[in-house]
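Visitor: here you go, sequence then predicted model.
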Amino acid sequence: MSEPDSNAPATPYPKVDSQADFPAIEKRVLERWKRDRTFEASVENRPAGERGQNEFVFYDGPPFANGMPHFGHLLTSYAKDVVPRYQTMRGRRVERRFGWDCHGLPAEMHAEKQLGVSGRQAILEYGIDRFNAFCRESVLTYTQEWRDYVARAGRWVSFDNEYRTMDLSYMESVLWAFKQLYDKGLVYEGHRVLPYSWAAETPVSNFETRMDNSYRERDDPALTVLFPLEVRDGDPGPLNLLVWTTTPWTLPSNLAAAVGPQIEYAILEVERDGAKQLVVIGAAARAKYAKELGEAREVGTLTGAELVGRAYTPPFDYFVGREKCHVILGAEFVDTEEGTGVVHLAPGFGEDDQRVCEEHGIELVCPVDEKGRFTAEVADYVGQNVLAANKPIAQDLKARGLVLRHEQYRHNYPHCWRTDEPLIYRAMSSWYVRVTDFRERMVQLNQEIHWIPEHIRDGQFGRWLEGARDWSISRNRFFGTPIPIWRSDDPTYPRVDVYGSIAELEADFGVKITDLHRPMIDELTRPNPDDPSGKSTMRRVEDVLDVWFDSGSMPFAQVHYPFENKEWFEDHFPADFICEYVAQTRGWFYTLVVLATALFDRPPFKNVICHGIVVAEDGRKLSKRLKNYPDLEASYDKYGSDALRWHLMSSPVLRGGDLAISQTGDEFADVVRLALLPIWSAYSFFTMYANADGVRAVERANQEGTLDRYALIKLRDLIESVESCMDAYDIAGACDRVRSFMDALNNWYIRRSRPRFWASNPSQEKQDAYDTLYTCLINLCRVAAPLLPFLTDEIHRGLCRGESVHLEDWPSASQLPDDFEFMHDMDRVRVACSAALSLREAHRRRIRLPLPMLTIAGPGCERLRPFIDLVRDEVNVKELVLDEDASQLARPLLKVKSRVVGPKVGKDMKAVLAAAEAGSWVLQDDGRVQVGEHRLEPGVDFVLALTAVDGLKGIAIEQLPEYNAVVALDVRTTPELEREGLARDAVRLLQQLRKDLDLEINTRVDVRYMAQGEQARALEEFGDYVAEQVLAESLEASGSDGPAGGDWRSVDWPGEGKACLAIRARG
RNA sequence: GGGCCUGUAGCUCAGUUGGUUAGAGCGUCCGCCUGAUAAGCGGGAGGUCACUGGUUCAAGUCCAGUCAGGCCCA
């Protein structure tokens, strides 16, 4: 379409079709980028500077490649492309390197499904080596699809030296990081309560328990048990705490009880088995125990806070005497919704329990073995499955009179999705990073990060940092970076070795290491050097690292720091910019900050866009199954990538909101119509006339013409404002500036300049018009290049002899005129024209009908003198009067400056405003205004505005509030004016005929007409004008039977009588 | 249950340190122009700024609470 056609006679510019096929254009542009290595050139053209001073550092958050990309990824991709493109044009070198996330549960789950191997036990039987080998392949399944889609989106990123988190070098850097933390004392072994399948003998991740089938209804025994409190002076008698639990089997492991400090507790006197007893229960929970406590007398109340610190006798004595145990603790999570308002804590078997106990220095106990049976520590039930032990435990407690109520409780309970047995919660050994140690520092460093949207910094992310807990980094899994800790297998001769490099491993184990994955790494064992007997062996801790540890290591691990690229890393940390969706505040953003703080005491990135999520029309998640979003490929093919990019980049989704996308993708059609086509139309207009005239335009900015200056100043305004938006990472704001510039260019500059383009003789004015439009277009392309990389490149190449816009510098605004006063004057003229046209419409005066006079009146109107001809033409009036004095057309209106006057007059403000509106004020000789008791200073306290008067015959008036002016249109016509209007009607009809005949724009014609009365007189009177307008060599009245047939093409001319116009091309 | 965000025209959203008559785009209705573009241009209609209360001379804006929606955590 715009490729030069070698057979056609040379024209200065490509022949451009006014109908654009954007997807086809994009395909050609992609080929050119590939052929010319435009991306590589755009990077290489920019010097890195000394120690990377001139680099803009971008970190790519790696995706998993075992799923297909969708609209959400597309959004991220576009944002990740726009910013680097912009910075490149600003002169920075922006290396962009793709990465793949490979490890972790998603990869393993996918492999389990593909292999039909389900669960830890099954994987062990299948073989870790075969399992991991499969993972290694499967995580790269869709890499080609990803590359294709990234390319089609026009995202420039290098796949040549992509990094993968499963590469040996990457993993070695991760080991290094781990050892750094360990050496700083930031790693420790602790316990973590996880869902546990005793049937499959494996922990189940929270991820797995959330899957659809794992929760099912189940009846469990629920006990309300008495915990006798230690007697204390002032008590009305011996008190018993009422405790409710749905897991009686955890009672032998009870180590504490928790109350809500704010909650009110009642002391009740209850009669049981003939004896009186005092029980303590959350006051709000009492009603639930109507049957047991209905008659009870309240003998006092206590707050939770008063209970905290009191000791009690636990229901079983297996762990009596342990430090800090069997005391009442305060915990915020306790409520009275369920149970008694007192929670029994068995830290070995509950997440909250474990956390609260740990906070109070209580060491946990876990007297349950891998198969879910009590160990010897719980002598009475040893060997029994814990769930089966619920019954005897309840019976024993009842026999001891400690049970107030025994009920069946039906609840949703997680089950092992492989064995179908109920899960239990059980403490597992886990390795932690002591995040709480440097939490405050993270909070400080976070202040240095520029978040988009801003509230994330101190809101979602800041709060999360403040509440950060130690990070459990070990996973009892297979495909991940191994935890590099080796321990002696005999506690008699303890020894721990931590490795932070391959070299250290090779030195100690004497083998060449080519892969750090399990199971190879597990095979590295050696005799314990601290064991004189020589019998114990150093073995690796089995776990692998949480995959987020990999992600957080990305800044240094991608370059194998510190083993290689030491200097490079130091010069490229932190990143200038990263971008992911907002949920990564808990994921990548967080782990980056954790590791950067712990390892380098710096924030890992300076600017971050966290965008919202793309949802379906109904607000639900995009779902492949429901097919509730448009197909990506089809959208590319129908609208092109630029349309998708523009839609996503101009939307508030970049400020963190959701973006709903319709199933049909209609919004992309709107984007084409509202954003892309206006730019294309301007381009096609320019090339059409420049080619017809054989004119080549030049970029310059010293044009004197009113419209030209206006366009050039607007262009300067565009460059400056887009620049400041982009510097603030406000991409949507930049889109908005581009759109409104195009509106001014198309619908004012080009429309008003049209006569200059079609003037048949060369002139300076004409060349100025070409140069101005050309200058606007190429600079618009440069400014919009990051936002519409395909369209702008196509146009820029067409205008600039094949130069890619992406190798250009960001345009310098300073070479353009900066007379913004002038620009505002023109904007004021446009408003005045709109108002005048609105008056025309209100008085039913069509635009082709000339009217005698338009007046623009108000202070400062003289400034509009340069625009007189422009306005006359636009509004089609014979005369334009500018009048500084509007008193004939308007009366003054007092506009009080509330912000200034308000504080001065206080309560009288209301009265002052009312008086201003009612006109009850007096203008004094010194220019001040008296309102009631108050005297107002001109300019400071008020301005005088105008409000149109009515009642002038034949004159229509409208005010321009923001410009303190009125326009008055004389809508009275005369027969002469009517005839001129008719002549213009005739021109319009004849032009349509030319168009219908497909005449070239410079073909000469003959015209004949048949008309009576005023229509005939109009053509006689304005014959020359009509002939000139339609390029007629002759203009003749035909006989009363109308123009003859043959070559003549005619059209009816509605009017007083029967009339028609006819046209015939000449020669 | 906790935290964060969002409620402004039929739809999608702007709205600065509180200041007189709350804006834009789309849609809709009406009209207009046309020697680039009907995928063009202009105009009109359309709002108790979610609700309630408070602070203030003055609240879309600040404060408290309520309701609704979203996200995250438990």
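Guide: Everything's here; your move.
Visitor: quick check: the residue of chain A nearest RNA strand B.
Guide: A:Gly902 (2.3 Å; CB to the nearest atom of the strand). The way it works is simple: take the backbone N, C-alpha and C, and place the C-beta from them, glycine included.
Visitor: state the distance from that residue to A:Arg935.
Guide: 16 Å (CB to CB, to the nearest Å).
Visitor: how does chain A divide into domains?
Guide: Under the assignment the TED database, the domains of chain A span A:55-201+A:426-483+A:541-628, A:220-345+A:388-409, A:643-654+A:663-807, A:830-970, A:975-1065.
Visitor: quick check: end-to-end length of the second one?
Guide: Going back to what we said before, that points to domain A:220-345+A:388-409. Criterion CA to CA, to the nearest Å; first-to-last residue distance in domain A:220-345+A:388-409 is 5 Å.
Visitor: and that domain with RNA strand B, contact?
Guide: Yes - Domain A:220-345+A:388-409 is in contact with RNA strand B by CB under 7 Å from any atom of the strand, via A:Phe333, A:Asp335.
Visitor: distance from the chain centre to that domain, please.
Guide: 50 Å (CA atoms, centre = their mean, to the nearest Å).
Visitor: again, but for the fourth one
Guide: Taking CA atoms, centre = their mean, the mean C-alpha location of domain A:830-970 is offset from the chain mean by 44 Å.
Visitor: what of stretch A:509-517?
Guide: That offset, for stretch A:509-517, works out to 43 Å (CA atoms, centre = their mean).
Visitor: show residues contacting it.
Guide: With CB atoms under 8 Å, 6 or more residues apart in numbering as the test, stretch A:509-517 has contacts from A:132, A:136, A:166, A:168, A:171-172, A:175, A:479, A:481-482, A:502, A:505-506, A:521, A:524-526.
Visitor: among these, which ones are in strands?
Guide: Judged by DSSP state E, the subset of the contacts of stretch A:509-517 located in strands is A:Arg526.
Visitor: tell me the buried residues within the contacts of stretch A:509-517.
Guide: Among these, those scoring as buried are A:132, A:136, A:166, A:171-172, A:175, A:479, A:481-482, A:502, A:505, A:521, A:524 (criterion: 16 or more other CB atoms under 10 Å).
Visitor: tell me the helix or strand right after the helix or strand of chain A with the lowest mean pLDDT.
Guide: None of the helices or strands of chain A scores lower by mean pLDDT, DSSP states H and E than helix A:206-209, at a mean of 57. Downstream of helix A:206-209, the first helix or strand assigned by DSSP states H and E is strand A:215-228.
Visitor: what is the helix or strand just after that following strand packed up against?
Guide: Per DSSP H and E, the first helix or strand lying C-terminal to strand A:215-228 is strand A:239-245. Packing partners of strand A:239-245 (3 or more CB pairs under 8 Å, 6 or more residues apart in numbering; DSSP states H and E): strand A:215-228, strand A:275-282, strand A:342-345.
Visitor: avg pLDDT for the helix or strand following the shortest one?
Guide: Reading on from strand A:342-345 to the C-terminus, the next helix or strand found by DSSP H and E is helix A:351-359. Per-region confidence: helix A:351-359 scores 83 on mean pLDDT.
Visitor: give the next helix or strand downstream of helix A:351-359.
Guide: By DSSP H and E, the next helix or strand past helix A:351-359 is helix A:390-399.
Visitor: next one: the helix or strand just after that next one to chain centre, how far?
Guide: Next along the chain after helix A:390-399, taking DSSP H and E as the criterion, comes strand A:403-414. The chain centre lies 45 Å from the centre of strand A:403-414; the measure is CA atoms, centre = their mean.
Visitor: for the helix or strand just after strand A:403-414, packing partners?
Guide: Using DSSP H and E, the helix or strand that follows strand A:403-414 in sequence is strand A:424-433. Applying 3+ CB pairs under 8 Å, 6+ apart, we find strand A:424-433 packed against strand A:187-197, strand A:471-472.
Visitor: any chance of these in TSV, with mean neighbour count and mean pLDDT too?
Guide: Listed next are the helices and strands packed on strand A:424-433 as TSV, based on neighbours: other CB atoms under 10 Å; pLDDT from 0 to 100:
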stretch	mean neighbour count	mean pLDDT
strand A:187-197	20	84
strand A:471-472	19	84
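Visitor: could you dump those into a markdown table and include distance to RNA strand B?
Guide: Output for the helices and strands packed on strand A:424-433, formatted as a markdown table (distance: least, CB to the nearest atom of the strand, whole Å):
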| stretch | distance to RNA strand B |
| --- | --- |
| strand A:187-197 | 10 |
| strand A:471-472 | 11 |
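Visitor: so which of these comes closest to A:Trp748?
Guide: strand A:471-472 (58.8 Å; CB to CB).
Visitor: need the contact partners of the closest one.
Guide: A:Gly190, A:Arg192, A:Ser430, A:Trp431, A:Tyr432, A:Val433, A:Val435, A:Asp546, A:Val594.
Visitor: for these, which one is nearest A:Gly372?
Guide: A:Arg192 (17.8 Å).
Visitor: can you report phi and psi for the residue most central in space within chain A?
Guide: In chain A, the residue lying closest to the centroid (CA atoms, centre = their mean) is A:His611, at 1.8 Å. Backbone dihedrals for A:His611, given as degrees, to the nearest 10, come out at phi -90, psi 160.
Visitor: list the contacts of it.
Guide: A:Leu75, A:Thr76, A:Ala79, A:Cys579, A:Glu580, A:Tyr581, A:Val582, A:Val653, A:Leu654, A:Arg655, A:Gly656.
Visitor: pretty sure the fifth one belongs to a helix, no?
Guide: No - counting by DSSP: H, G, I helix; E, B strand; the rest coil, A:Glu580 falls outside a helix, being strand.
Visitor: for it, which non-adjacent residue is spatially closest?
Guide: A:Gly61 (4.7 Å; CB to CB, 6 or more residues apart in numbering).
Visitor: confidence score at the one you found?
Guide: So A:Gly61 comes in at 79 (pLDDT).
Visitor: now do the same for it: helix, strand or coil?
Guide: coil.
Visitor: ok, it touching A:Tyr581?
Guide: No - counting by CB atoms under 8 Å, A:Gly61 sits too far from A:Tyr581 to count as a contact (9.4 Å).
Visitor: identify the contacts common to those two.
Guide: Contacts common to A:Gly61 and A:Tyr581, judged by CB under 8 Å, 6+ apart, are A:Thr76.
Visitor: which of those two has more neighbours?
Guide: Neighbour count, other CB atoms under 10 Å: between A:Gly61 and A:Tyr581, A:Tyr581 has more, with 22 against 19.
Visitor: surely the more buried one meets A:Cys610?
Guide: Yes - counting by CB under 8 Å, A:Tyr581 touches A:Cys610, with 6.6 Å between them.
Visitor: around RNA strand B, which positions in the stretch 801-950 of chain A sit nearby?
Guide: So far as CB under 7 Å from any atom of the strand goes, the stretch 801-950 of chain A lies against RNA strand B at A:834, A:837-838, A:841, A:846-848, A:893, A:895-899, A:902-903, A:906-907, A:909-910, A:913, A:916-917, A:942-943, A:945, A:947.
Visitor: buried stuff in stretch A:700-711?
Guide: A:Ala701, A:Gln703, A:Gly705, A:Thr706, A:Leu707, A:Asp708, A:Arg709, A:Tyr710, A:Ala711.
Visitor: and which of the residues you listed is nearest to A:Gln19?
Guide: A:Ala711 (25.6 Å).
Visitor: picking that back up, sort out for me which of the contacts of stretch A:509-517 are in helices.
Guide: A:Asn132, A:Arg136, A:Leu168, A:Met171, A:Glu172, A:Leu175, A:Ile502, A:Leu505, A:Glu506 (DSSP state H).
Visitor: surely the fifth one touches A:Tyr499?
Guide: The one in question is A:Glu172. No - the criterion here is CB under 8 Å, and A:Glu172 misses it with A:Tyr499 at 9.9 Å.
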